[in-house]
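Asks: I'd like to go over a predicted model; first the sequence, then the structure.
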Amino acid sequence: MSFLGRGKSTPGGAINHDRIEMAINEIEMVSDVFNRIVSSCHSKCISTRYAEGDLNKGESVCIDRCVAKFFEVNKKVGEKMQTAGANAQATGSTSFSI
């Protein structure tokens with residue numbers, strides 16, 4: 001079965017537009033996260049004076065740590081938002097605070 005709906009489960013091989021829209025949204029979200037990581041970690045770890053063609057050891061270590069911290073914070077924020085959303089849903093509230 002194809003993710004985009006060109007598998008056996010769709011009648012007549014029709015394209016599932018909802019799945020295409022979901023795939024496009026996911027690609028946009030992943031691209032946004034990637035671009036934010038590149039922008040943030042590049043400005044923190046890489047000198048504006050490019051003396052070498054490759055990253056030096058210090059820059060490489062900084063990039064590795066920066067990306068790891070970005071994902072750790074992203075994970076923690078996601079968990080807090082899920083908890084807050086679940087609490088808001090349990091109380092019947094339409095808004096929640098973190």
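Replies: On my side now, so go ahead.
Asks: ok, which stretches of the chain are helices?
Replies: Assignment of helices within the chain using DSSP state H yields the ranges 17-45, 57-91.
Asks: The ones you listed: which one's closest to residue 51?
Replies: Ranking these by distance to residue 51, with CB to CB as the measure, places helix 57-91 first at 10.8 Å. In this view, the C-beta of every residue, glycine as well, is placed from N, C-alpha and C.
Asks: What are the buried residues along that closest one?
Replies: For helix 57-91, a neighbour-count test (16 or more other CB atoms under 10 Å) marks 59, 62-63, 66 as buried.
Asks: mind putting the helices of the chain in JSON lines, distance to residue 51 and mean pLDDT included?
Replies: Shown next, in JSON lines, are the helices of the chain (distance: least, CB to CB, whole Å; pLDDT from 0 to 100):
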{"stretch": "helix 17-45", "distance to residue 51": "15", "mean pLDDT": "95"}
{"stretch": "helix 57-91", "distance to residue 51": "11", "mean pLDDT": "93"}
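Asks: Count the residues that sit near residue 42.
Replies: Residues contacting residue 42 under the criterion other CB atoms under 10 Å number 13.
Asks: do residue 41 as well
Replies: 19.
Asks: Quickly note the distance from the nearest residue to it once chain neighbours are set aside to residue 76.
Replies: The spatial neighbour of residue 41 that comes closest, neighbours along the chain excluded (CB to CB, 6 or more residues apart in numbering), is residue 66 at 3.8 Å. According to CB to CB, to the nearest Å, residue 66 stands 16 Å off from residue 76.
Asks: now residue 64
Replies: The gap separating residue 64 from residue 76 is 19 Å, by CB to CB.
Asks: what do you get for residue 30?
Replies: For residue 30, the distance to residue 76 - CB to CB - is 19 Å.
Asks: now residue 92
Replies: Distance from residue 92 to residue 76, by CB to CB: 26 Å.
Asks: Check what contacts stretch 52-64 and list those residues.
Replies: With contact meaning CB atoms under 8 Å, 6 or more residues apart in numbering, stretch 52-64 is reached by 41, 44-47.
Asks: Restricted to buried residues, select those in PyMOL.
Replies: Command for PyMOL that selects the buried part of these, burial taken from 16+ other CB under 10 Å:
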select buried, resi 41+45
